[in-house]
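K.L.:
Okay, here's the prediction I keep looking at, along with the sequence it came from:
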Number of protein chains: 2
Amino acid sequence: MPGASEGRRLKHWGWGHEDQQLPHEQVVQAAAGIRAHLGFGEGEVERPVPLEDVQLRAPRIQPPPTLAGICDSGDYERASHALGKSYRDVVRGFRGQFDHPPDVVARPRDEKDLTAVLEWAEGADVVAVPFGGGTSVVGGVEYTGERPSVTVDLRALDRVLEVDQTSRAARIQAGATGPGLQEQLREHGLALRHFPQSFEYSTLGGWIATRAGGHFATLWTHIDDLVESVRALTPRGVWESRRLPGSGAGPSPDRMLVGSEGILGVITEAWVRVQASPGFRASASLGFDSFHAGAQAVRALAQSGLHPSNCRLLDPEEAAFTGAANDGRALLVLGFESADHPLDAWLARALELCGDHGGAPTGEPRLRNPEDRGEQARGHAEGAWRDAFLQAPYIRDTLVAAGIISETFETAITWDRFEAFVATVRRTAERAVAEVCGDGPAHVTCRLTHVYPDGAAPYFTVLAPARRGSELEQWNQIKSAVSDAIEAAGGTITHHHAVGRDHRPWYDRQRPEPFAAALRAAKETVDPASILNPGVLVDP
Amino acid sequence: MPGASEGRRLKHWGWGHEDQQLPHEQVVQAAAGIRAHLGFGEGEVERPVPLEDVQLRAPRIQPPPTLAGICDSGDYERASHALGKSYRDVVRGFRGQFDHPPDVVARPRDEKDLTAVLEWAEGADVVAVPFGGGTSVVGGVEYTGERPSVTVDLRALDRVLEVDQTSRAARIQAGATGPGLQEQLREHGLALRHFPQSFEYSTLGGWIATRAGGHFATLWTHIDDLVESVRALTPRGVWESRRLPGSGAGPSPDRMLVGSEGILGVITEAWVRVQASPGFRASASLGFDSFHAGAQAVRALAQSGLHPSNCRLLDPEEAAFTGAANDGRALLVLGFESADHPLDAWLARALELCGDHGGAPTGEPRLRNPEDRGEQARGHAEGAWRDAFLQAPYIRDTLVAAGIISETFETAITWDRFEAFVATVRRTAERAVAEVCGDGPAHVTCRLTHVYPDGAAPYFTVLAPARRGSELEQWNQIKSAVSDAIEAAGGTITHHHAVGRDHRPWYDRQRPEPFAAALRAAKETVDPASILNPGVLVDP
């Protein structure tokens, strides 16, 4: 997996490193193939605006000399920290449109540096935006107000500081990326087993701040469940909870930080629950006549207490796009993992439940024990799906060049409303796409990423031909329509993508008003000058 | 199970109903047996002060006429709402010592009534103390300040309002007791499966407000995990979250109410996750040479991903007291339950793990499937333990009469510190007991009630001969010493008994100060007149 190694530079506008960007002729070739595959016909392929052609607003502030060593106001740093990685962000970055670049990018090396940055920011009325992998898809790292701002890049705080083998826990700095902490934990024979799609670049602190969803489909779906304690610096002191396996002492201090998206404090480290590597695996793929037939099986699985680690249901079109299946059926990718025991009984019962709901295995179930490490899952439907999962953000850069709207939105709903809810949201998305993109071919697909005894998290993907130059308006219109539909039908505006600035209107309608008032009061108390990521979650 | 049926009255000073109080001669007999069993020798048995001999402070306020129909200022109502059910409470109630009775007890029949009570309270500067089963063991329902107060008894709100079979969820009013909601859910073939020791009397709202621990030893240990959404009335409006199986939209509004102990709002109802009745069960009891050998096995179980529903480890003395075993070994009561599948594979692997750590089954493992409903677990070690579990609070009333200090305290700690921590806390308790009760026989026992991959919740019981008339000072001194030790050694002041007023000094030291400030600010925002349970969690 490509990590962020020395000497390589991340792209200032899209996913991954500069050396991972395909040469233009390959983009053209790939774009043609994708457009044909999607039925979009031919289309011109654009080139990204090079950084040297970008007119970046000049920095309006300078850090004090004491901070000069960790601050940078150069164009590359400011441009590459100006946006997240939503479709809106990639389109704008691709076009060289950086409307709200930070004035300074600070890279604290330790908490002392961070404290100094926050003190300067508070004293100088400068907004401070915490930044981990910069993979927000909800406008979480783009401060759009008028005050000068410093983006605080935490990636220098990337160490696993302590490993507690007995308790299976580790103290890890907030700026550690997925591969970075994985590599360090591997030396101890341990793993966090938290794989959001942004895994390669996003950071532990970002996951905690945004309540990120990992790859586990059941049980411990969000980072929330893996956090043992959190340490954050607020402008009014250190917010650090005790390491405890469980507690009943008042509302959880961690649960107030988890999902706080940088408005209460800057997370610097956390104790997280880790695991031995899962040597036992059992998996199968099953076809279902329809998405909703598959969903019935998934509901039975979620209520069975079997706790599959993977339980992704792809609708027929999505299964076909990812290359996992192409027979017009919905595909369920089912997996169990354990570091402790063979999973035969678990998988056998799961297959029975799927069979009860019309699921037919697409091949032989696979069982792996710790002696079979050499065997690869590649080539199987599950492997195909996983590759597509991690490749998707790279491909999107090509889609943007090819003039294809490509974005996702996700939510969660209880099972009683599930079928009608998915139908409504899907129809709304299809109508909105038709309205803004015309009646030509377009695709709205759905999968279930996380499932619960009482409901599921449907995840929608939109692929449609863009009108050049109007992509943002087009997507905003679609996003607004589907968000209205989700909110009205009782879903959540986000199951694991966070709120940021993009989801604010719907989030504000969704949350209880006294809670909003309480959260505002909490923020004012620990951040009285409102320097921390203002505009996210609450209004200053 | 004895519920709160019509015409019966709860004791004004101890556990259960008046008709469950043993006649004095039986108390004398039981006391003699218990004292002998504990090695405390003979002792006089006191009688509780009858209510008619109690000098209760006269009510200082009167509710407005519009609330007269749901308010009562009679001695029985005020006395029986003046205290919780800690040892301190039972001793005081037994002696007729009610220092802080509420001036009024209100029993709202619906939210309209409740709103009216809160409006009156705010307007008249009257403190409002939410009251469910009144089973707090931490001073959670005893307002000790100088303002007049109304205790708001929510037990009239006792209905299961809605059942969602598809999502396995139910909307239940906050005042429903354990048996009350169990009976209503049973009509739908469903169960909440949340059994705190106070199950018979405590209420759903109380469980949520105090982050109650249920009988599940792993996975879903606290009510926190069973809550899908909560509705509470605050003085500044309704705090009601959406029903969602999962969400990543900002810090969880539910998690801020869960554990708020009545300071933010009065919980009126919640959607909770329910289950089909578990027809499949597998259980075993195992002996270990020592508590710490057993704890090693428990750690392996907690880290195995097998998720036992019961995994209680009793130290040798506690196993003997509860009648579950008497061979000088620590006893592990292990159980699995499922509504979906036989548990043979689960139990088999668990027994292997226990064997790896020196555990020896005390009899044949028991496996039950849905066809074996007639078979009872009674007579087995597990059944004996369960009886003792629910009987303990009744017996304590007799212990108080018999002049025996009888109280518990509980905490949680990560596995790396577990052994030293338990030794320190136990030694501190033993020393404190010796100091306050003399060098005669006394008992400090320990069990594990809830276990986690990263730690466990040790639960201590103290039994010692009291010095008549000095019980409160004696217990306060012991409690203070062990709380200091727990706090200093990094534990939590409570794993599932809540903070209330009794745990405040240690809770204040344990929590992050910026969080405390944020919580105070949150409270001031939704309860600006500070009428809601002041003194709990934060200072007015």
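P.N.:
Received it, and whenever you're ready, just let me know what you need.
K.L.:
Residue ranges of each domain in chain A, please.
P.N.:
Structural domains assigned to chain A are A:18-153, A:160-276, A:280-368, A:386-497, following automatic domain parsing.
K.L.:
Of those domains, flag the one that's most buried.
P.N.:
The highest mean neighbour count among those, using mean count of other Cβ atoms under 10 Å in any protein chain shown, belongs to domain A:160-276: a mean of 23. Backbone N, C-alpha and C define where each C-beta goes, glycine included.
K.L.:
Quick check: end-to-end length of it?
P.N.:
16 Å (Cα to Cα, to the nearest Å).
K.L.:
Can you get me the centre-to-centre distance for it and its chain?
P.N.:
Offset of domain A:160-276 from its chain centre (Cα atoms, centre = their mean, to the nearest Å): 15 Å.
K.L.:
hang on, the earlier thing: distance to chain B and mean pLDDT for the domains of chain A - can I get that in JSON lines?
P.N.:
Supplementary listing: those in JSON lines, determined by distance: least, Cβ to the nearest Cβ, whole Å; pLDDT from 0 to 100:
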{"stretch": "domain A:18-153", "distance to chain B": "10", "mean pLDDT": "97"}
{"stretch": "domain A:160-276", "distance to chain B": "3", "mean pLDDT": "97"}
{"stretch": "domain A:280-368", "distance to chain B": "4", "mean pLDDT": "95"}
{"stretch": "domain A:386-497", "distance to chain B": "3", "mean pLDDT": "95"}
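K.L.:
Tabulate these (a markdown table), appending distance to B:A319.
P.N.:
Formatted as a markdown table, the domains of chain A follow (distance: least, Cβ to Cβ, whole Å):
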| stretch | distance to B:A319 |
| --- | --- |
| domain A:18-153 | 47 |
| domain A:160-276 | 23 |
| domain A:280-368 | 27 |
| domain A:386-497 | 34 |
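K.L.:
The ones you listed: which one's closest to B:V462?
P.N.:
domain A:160-276 (19.9 Å; Cβ to Cβ).
K.L.:
Report the separation between A:R186 and B:S530.
P.N.:
Distance, A:R186 to B:S530, by Cβ to Cβ, to the nearest Å: 52 Å.
K.L.:
just to revisit the earlier point, and the domains of chain A: which comes nearest B:H17?
P.N.:
Distance to B:H17, taken as Cβ to Cβ, is lowest for domain A:160-276 among the domains of chain A, at 27.7 Å.
K.L.:
Quick check: chain neighbours aside, which residue is closest to A:P534?
P.N.:
Sequence neighbours aside, A:P540 is the residue nearest to A:P534 in space, at 4.4 Å (criterion: Cβ to Cβ, 6 or more residues apart in numbering or on different chains).
K.L.:
wait, isn't that neighbour in contact with A:N533?
P.N.:
No: look at A:P540 against A:N533 with Cβ atoms under 8 Å: they stay out of range, at 10.1 Å.
K.L.:
okay, these two: which has more neighbours?
P.N.:
The neighbour comparison of A:P540 against A:N533 (other Cβ atoms under 10 Å in any protein chain shown) goes to A:N533, with 29 against 16.
K.L.:
So that one is in contact with A:Y143, correct?
P.N.:
Yes: between A:N533 and A:Y143 there is a contact under Cβ under 8 Å: 6.9 Å.
K.L.:
where do the contact lists of the two overlap?
P.N.:
Contact criterion Cβ atoms under 8 Å, 6 or more residues apart in numbering or on different chains; residues shared by A:N533 and A:Y143: A:V127, A:V129.
K.L.:
Just the strands from the stretch 351-500 of chain A, written as ranges.
P.N.:
Using DSSP state E, counting those that start in this stretch, the strands of the stretch 351-500 of chain A run over residues A:360-361, A:366-368, A:404-410, A:413-414, A:443-452, A:455-465.
K.L.:
closest to A:G139 out of those?
P.N.:
strand A:404-410 (13.1 Å).
K.L.:
Residues touching that closest one, excluding its own?
P.N.:
Contacts of strand A:404-410 (Cβ under 8 Å, 6+ apart): A:34-35, A:38, A:40, A:43, A:86-87, A:137, A:396, A:399-400, A:433, A:437, A:449, A:457-466, A:471, A:474-475, A:478-479, A:482-483, A:486, A:494-497.
K.L.:
Which of the residues you listed fall within helices?
P.N.:
Members of the contacts of strand A:404-410 lying in helices (criterion: DSSP state H): A:34-35, A:38, A:87, A:396, A:399-400, A:433, A:437, A:471, A:474-475, A:478-479, A:482-483, A:486.
K.L.:
what's across from A:E410 in the sheet?
P.N.:
Note on A:E410: beta-bridge partners A:Y459, judged by DSSP bridges.
K.L.:
ok, it to B:R171 distance?
P.N.:
The value you get for A:E410 to B:R171, if Cβ to Cβ is used, is 26 Å.
K.L.:
what does A:H37 give?
P.N.:
47 Å.
K.L.:
how close does A:S277 get to A:F336?
P.N.:
Distance, A:S277 to A:F336, by Cβ to Cβ: 15 Å.
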